[in-house]
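Peer 1: Predicted model follows, preceded by the sequence.
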Amino acid sequence: MDLKIYCKNGKLRRVFPVEEEEYFQEIIEIEGLSECLNEFKDNKNLKKIIDDSVNGKEVDFSYYFDFDDLNLTNFQKKVLKETFKIPNGEIRTYKEVGEAIGSKAYRAIGNALNKNPLFYIIPCHRVVGTNMKLTGFRSGLELKKEMLLKEGFKIENNRIIIE
């Protein structure tokens, strides 16, 4: 999958599939990976880290972005910070994310995840419905399913199978 990467002040601001470029029209400047890499002090591993993440491996992105630099509301940041904690191979429900941040606004949690500018880095694909059903993914449920399958989940009829 081809990705577009946008950086500012040496930190990742957005990572998204090329097909979604229209979704991010509010971005004034979209830079390719090579230009983005030039902004990083420790850039030799960024492409490998992103590739590893896209291929279902657990990676540490904490050096490459800062929640405070993301153009999001405080609530959205709270949701994404909690989602960022979900390790590879685990899922959470919207309800569990809500309980962790002290909110019952599950639809608002879903909307916050929909605004995730770093969805290959902040693993919103690991958040599912209470019934384990794959729901609400801006890039489509097929991509969400593909990402979860790469992490080793078993999925049947768009539901996570818990064994």
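Peer 2: Looks like it came in fine.
Peer 1: CA atoms only: put the helix or strand hosting A108 into CSV for me.
Peer 2: Element membership for A108 (DSSP states H and E) is helix 106-114. C-alpha atoms of helix 106-114 as CSV (Å, rounded to 0.1, in the frame of the first residue of the first chain):
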residue,chain,number,x,y,z
TYR,A,106,-19.2,5.7,22.6
ARG,A,107,-20.4,7.3,19.4
ALA,A,108,-18.1,10.3,20.1
ILE,A,109,-15.3,7.8,20.7
GLY,A,110,-15.9,6.3,17.3
ASN,A,111,-15.9,9.8,15.8
ALA,A,112,-12.6,10.6,17.5
LEU,A,113,-11.1,7.4,16.1
ASN,A,114,-12.4,8.5,12.7
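Peer 1: Buried ones in it, by neighbour count?
Peer 2: By neighbour count on 16 or more other Cβ atoms under 10 Å, the buried set for helix 106-114 is Y106, A108, I109, G110, A112, L113. C-beta coordinates here come from the backbone N, C-alpha and C atoms, glycine included.
Peer 1: which one among the residues you listed gets closest to V79?
Peer 2: A112 (3.9 Å; Cβ to Cβ).
Peer 1: Can you give me every residue that contacts that closest one?
Peer 2: L72, T73, F75, Q76, V79, L80 (Cβ atoms under 8 Å, 6 or more residues apart in numbering).
Peer 1: Near the closest residue to P117 other than its chain neighbours, how many other residues are there?
Peer 2: Of all residues not flanking P117 in the chain, R14 sits nearest, at 4.3 Å (Cβ to Cβ, 6 or more residues apart in numbering). Residues lying near R14 (other Cβ atoms under 10 Å) number 23.
Peer 1: Look up the residues forming beta bridges with the residue nearest to F65 when sequence neighbours are not counted.
Peer 2: Nearest non-adjacent residue to F65, counting by Cβ to Cβ, 6+ apart: L12, 4.2 Å away. In this entry, L12 is beta-bridged to C7, by DSSP bridges.
Peer 1: which residues does L12 contact?
Peer 2: So L12 contacts I5, Y6, C36, F61, Y64, F65, L118, I121 (Cβ under 8 Å, 6+ apart).
Peer 1: Now tabulate those in JSON lines and tack on pLDDT.
Peer 2: Below are the contacts of L12 laid out as JSON lines (pLDDT from 0 to 100):
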{"residue": "I5", "pLDDT": "71"}
{"residue": "Y6", "pLDDT": "72"}
{"residue": "C36", "pLDDT": "55"}
{"residue": "F61", "pLDDT": "79"}
{"residue": "Y64", "pLDDT": "76"}
{"residue": "F65", "pLDDT": "84"}
{"residue": "L118", "pLDDT": "87"}
{"residue": "I121", "pLDDT": "85"}
